[in-house]
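Asks: Sequence plus the predicted model coming up.
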Amino acid sequence: MSKKDILIIAQIVISIVSVSVSGSVIWKTNTLTNTANLLQLNNAIQVKTDVFYSVELKRKEMELTLKNGGTIDDNQTQLIHEERLNALASLLNIYEFACQQYISNKIDRKAFKLFYDVMIKYIMTNYIHDKELHPAIYKVYTEWYGK
């Protein structure tokens with residue numbers, strides 16, 4: 001084998017190793033990016049969830065006041081009702097966005113299912129009455145549960 005042949009083989013081997021390493025780096029970078037995206041979504045979901053539960057707590061306090069013979073101003077009742085609708089809409093919208101990211105493979109799919117499996121089922125059971133308003137949530141739900 002000539003020196004020229006050895007150089008050509010060495011260049012081929014180096015190219016293969018380089019492509020392999022580059023592919024591995026890209027895969028790891030994508031994995032890290034998907035995990036980072038999921039963590040950002042998790043933070044956004046947590047903020048929306050906290051707001052929703054805060055409003056739900058106000059609503060339950062109002063119900064207890066009325067149950068115990070207290071009075072609530074109609075304006076206050078209307079305000080809490082509107083706050084609840086807005087908080088619920090925001091919560092559903094962030095889940096819709098998260099499900100879109102899941103469908104597009106822009107987040108860690110296994111972790112997303114692990115974290116949100118129960119909540120997606122709960123949302124579909126209790127809050128989604130029109131699949132056309134939240135198609136990504138519906139699509140994820142049907143993928144996971146086949147319904």
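Replies: Nice, thanks for sending it over.

Asks: in this structure, which ranges drop under the pLDDT threshold?
Replies: 1, 3-32 (pLDDT under 70).

Asks: Go again with 50.
Replies: 21-28 (pLDDT under 50).

Asks: Need the residue closest to the centroid of it.
Replies: Taking CA atoms, centre = their mean as the criterion, Ala98 is the residue nearest the geometric centre of the chain, at 3.0 Å.

Asks: which ones are touching that residue?
Replies: 41, 45, 107, 112, 116 (CB atoms under 8 Å, 6 or more residues apart in numbering). C-beta coordinates here come from the backbone N, C-alpha and C atoms, glycine included.

Asks: Pick the one among these closest to Asn68.
Replies: Ile45 (34.2 Å; CB to CB).

Asks: what helix or strand does that closest one sit in?
Replies: helix 3-67 (DSSP states H and E).

Asks: next structured bit after that helix?
Replies: Heading C-terminal from helix 3-67 (DSSP H and E), you reach helix 74-103.

Asks: what angle do the helix or strand following that next one and helix 74-103 make?
Replies: Using DSSP H and E, the next helix or strand after helix 74-103 towards the C-terminus is helix 109-126. Counting by axes from the mean of the first three to the mean of the last three CA atoms, to 10 degrees, helix 109-126 lies at 140 degrees to helix 74-103.

Asks: Show me which parts of helix 109-126 are buried, residue by residue.
Replies: By neighbour count on 16 or more other CB atoms under 10 Å, the buried set for helix 109-126 is 112, 115-116, 120, 123-124.

Asks: Equivalent analysis for stretch 79-98, please.
Replies: 80, 83, 87-88, 90-92, 94-96, 98.

Asks: Which one of those is nearest to Tyr141?
Replies: Tyr95 (10.4 Å).

Asks: related to what we said a few turns ago, please identify which two of the contacts of Ala98 are farthest apart in space.
Replies: Checking the contacts of Ala98 with CB to CB, the most distant pair is Ile45 and Ile107, at 11.5 Å.

Asks: No further questions, thank you.
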